[in-house]
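Undergrad: Got a sequence here, can you model it:
(one chain, ligands or ions: 1)
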Amino acid sequence: MKVNTNYQNISDSYLFSTIAKKVNEFAAKNPDKKIIRLGIGDVTLPLCKVVVNALKSASEEMGVKETFRGYGPEQGYDFLREKVQAYYKSHNVSLDIDEIFISDGAKSDLGNILDLFAVDNTVLVPDPVYPVYVDTNTMAGRKIVYIDANASNNFLPLPDESMKVDIIYLCSPNNPTGAVYNKEQLKKWVDYANKNKAVILFDAAYECFITDENLPRSIYEIEGAKTCAIEFCSLSKMAGFTGTRCGYTVVPKALENGLLNKMWLRRQTTKFNGVPYIVQKGAEAVFTSEGQTEIQENLNYYKENAKIISQTLEKHNIWHIGGKHSPYIWLKCPNNMSSWEFFDYLLSNVQIVGTPGSGFGKNGEGYFRLTSFGSRENTIEAMKRLDDFLK
Ligand code: MLT
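TA: Predicted coordinates for the structure are as follows:
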């Protein structure tokens, strides 16, 4: 037996596991202190009523002989794929139903999709970015090159014709910075990918936070994207499914003349048994008009939290972006502190947990991410603590 030695090239622990460990150690030593967690982007509002009702009635169906279901289609039930198709249509994107694959979330598919690509492809990853892109490719032994996202390009890097890459990761609205590409900028990426026969893996997990109609929620709003892009989406942040697990991935048939769509179907039918029927019924309810109204209320709640965070940072002249079309606020650590210094500073002085920017890449050093996914009470209290401490 030989182990996959590529694992020696990734850090021992996943970023959010490292943070959780540090926080738990602090909590054990300081049992009297109330810690406010604005670190990992995990939602706090419960599932909406229409979803809960759908989950309940689907569970009932599973307990009755006539309506019980065993294995479902690995790529998802049509009732949910049709809803996703209609959701895209509402953003002027037409998809065939067999281009939509229901998954248990964007994170799994962003890693699993790599099964379709040879190991000797070169991968382009913006820095800073969601650590899963780098870690999954490192595990597979692929060569990774980075493109700098920094204050000088508003954390929205653009392609440069001298780059020679095959697989490109883009995340917009971005995790961790909250920056959002506009259509002209995305078009540059699409043109680059088509011209260079590269594929874009577009992470749209935060599209539901976009409120400006002119900003693209899907890469397929850009002409030419169907011949070069795969899109990943999730109900985690959209509808509070972080613990329920459901998402969808779009693999257009125009990509490589249908080859990637066919390969993904083959991969999924072999390695995946599909998302549970009960969960897919819950997900279906998200896309009803009642579901959309309810989730919008939750999204507005998180946006209001982002405003509260932003106002406090502004008051103390702390440079920051994000929060407007994203649940993440990306800030410059005050007094030139490093990301982990600021993490320790906040945890020990005001018991606020955030995410060190350096965990997302070298360009994240000196930056810090806060999420708006906390409860309103905790967000207000965290900002009051910060305000009092920085006075
Ligand atoms: C984050 O905090 O970056 C997200 O929760 C990660 C994820 O969605 O997996």
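Undergrad: Now the closest residue to the ligand within the stretch 1-150 of the chain. Nearest residue, chain neighbours left out?
TA: Residue of the stretch 1-150 of the chain nearest the ligand, by CB to the nearest ligand atom: Gly41 (3.2 Å). Where you see a C-beta, it was placed from the backbone N, CA and C, and this is true even at glycine. The shortest distance from Gly41 to any non-neighbouring residue, by CB to CB, 6 or more residues apart in numbering, is to Thr371 (4.9 Å).
Undergrad: from memory that neighbour sits against Pro327, does it?
TA: Yes. With contacts defined as CB atoms under 8 Å, Thr371 counts as touching Pro327 at a distance of 5.5 Å.
Undergrad: And the helix ranked longest in the chain, what does it pack against?
TA: Scanning the chain for the helix with the most residues, using DSSP state H, yields helix 289-315. In terms of contacts (3 or more CB pairs under 8 Å, 6 or more residues apart in numbering; DSSP states H and E), helix 289-315 is packed against helix 49-62, helix 236-239, helix 277-286, strand 320-322, strand 328-332, helix 376-390.
Undergrad: Please tabulate those in JSON lines, including the columns mean neighbour count, mean pLDDT and distance to Asp109.
TA: Converted to JSON lines, the helices and strands packed on helix 289-315 look like this (neighbours: other CB atoms under 10 Å; pLDDT from 0 to 100; distance: least, CB to CB, whole Å):
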{"stretch": "helix 49-62", "mean neighbour count": "16", "mean pLDDT": "98", "distance to Asp109": "21"}
{"stretch": "helix 236-239", "mean neighbour count": "25", "mean pLDDT": "98", "distance to Asp109": "12"}
{"stretch": "helix 277-286", "mean neighbour count": "24", "mean pLDDT": "98", "distance to Asp109": "15"}
{"stretch": "strand 320-322", "mean neighbour count": "23", "mean pLDDT": "97", "distance to Asp109": "24"}
{"stretch": "strand 328-332", "mean neighbour count": "24", "mean pLDDT": "98", "distance to Asp109": "21"}
{"stretch": "helix 376-390", "mean neighbour count": "17", "mean pLDDT": "96", "distance to Asp109": "30"}
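Undergrad: Now those in CSV, please, with extra columns for distance to Ile230.
TA: Formatted as CSV, these follow (distance: least, CB to CB, whole Å):
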stretch, distance to Ile230
helix 49-62, 27
helix 236-239, 18
helix 277-286, 20
strand 320-322, 25
strand 328-332, 23
helix 376-390, 35
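Undergrad: So in terms of bridging, what pairs with the residue nearest to Gly41?
TA: Taking DSSP bridges as the rule, Thr371 bridges to Tyr328.
Undergrad: List the buried residues in whichever strand or helix holds Tyr169.
TA: Assigned by DSSP states H and E, Tyr169 belongs to strand 167-171. Under the neighbour-count criterion of 16 or more other CB atoms under 10 Å, strand 167-171 has 167-171 buried.
Undergrad: so which of those comes closest to Arg69?
TA: Cys171 (34.5 Å; CB to CB).
Undergrad: residues contacting the closest one?
TA: 126, 129-130, 202-203, 205-206 (CB atoms under 8 Å, 6 or more residues apart in numbering).
Undergrad: tell me the contacts of the closest residue to Lys143 other than its chain neighbours?
TA: Nearest non-adjacent residue to Lys143, counting by CB to CB, 6+ apart: Thr122, 4.9 Å away. Neighbour list for Thr122: 142-145, 164-167 [criterion: CB under 8 Å, 6+ apart].
Undergrad: do that again at 10 Å, thanks
TA: Going by CB atoms under 10 Å, 6 or more residues apart in numbering, Thr122 touches 137, 142-145, 163-168, 198.
Undergrad: try Tyr71
TA: Here Tyr71 is in contact with 273-274, 277 (CB under 10 Å, 6+ apart).
Undergrad: Next: Pro334.
TA: Pro334 makes contact with 313, 316-319, 342, 345, 368, 390 under the criterion CB under 10 Å, 6+ apart.
Undergrad: again, only this time at 6 Å
TA: Applying CB atoms under 6 Å, 6 or more residues apart in numbering, we find Pro334 in contact with Ile318.
Undergrad: circling back: just give me the closest of the contacts of Tyr71 to the ligand.
TA: Closest to the ligand, out of all of the contacts of Tyr71 and judged by CB to the nearest ligand atom, is Gly274, at 20.7 Å.
Undergrad: ok, the residue nearest the centre of the chain to Thr122 distance?
TA: In the chain, the centroid-proximal residue (CA atoms, centre = their mean) is Ala205; its distance is 4.1 Å. Separation of Ala205 from Thr122 (CB to CB, to the nearest Å): 24 Å.
Undergrad: And Gly357, by the same measure?
TA: 25 Å.
Undergrad: about what we covered before: now the residue of the stretch 1-150 of the chain closest to the ligand. Its backbone dihedrals?
TA: phi -80, psi 60 (degrees, to the nearest 10).
Undergrad: Give me the distance between it and Tyr328.
TA: For Gly41 relative to Tyr328 (CB to CB), the value is 7 Å.
Undergrad: Show me the common contact partners of the two, please.
TA: Overlap of the contact sets of Gly41 and Tyr328 (by CB under 6 Å, 6+ apart) consists of Thr371.
Undergrad: Write out the residues of this structure neighbouring the ligand.
TA: With CB under 6 Å from any ligand atom as the criterion, the chain comes near the ligand at residues 40-42, 107, 130, 175, 236.
Undergrad: Go again with 8 Å.
TA: Within the chain, the residues that sit near the ligand (CB under 8 Å from any ligand atom) are 16, 39-42, 105-107, 130, 132, 175-176, 205, 234, 236-237, 242, 328, 355, 369, 371.
Undergrad: Could you pick out the buried ones from those residues?
TA: 39-41, 105-107, 130, 132, 175-176, 205, 234, 236-237, 242, 328, 355, 369, 371.
Undergrad: Do you know the pLDDT at Lys107?
TA: If you check Lys107, the pLDDT there is 96.
Undergrad: which one is the closest residue to the ligand within the stretch 201-350 of the chain nearest to, not counting chain neighbours?
TA: Per CB to the nearest ligand atom, Ser236 is where the stretch 201-350 of the chain lies closest to the ligand, at 6.0 Å. Nearest residue to Ser236 in three dimensions, chain neighbours excluded: Thr242, at 4.5 Å (CB to CB, 6+ apart).
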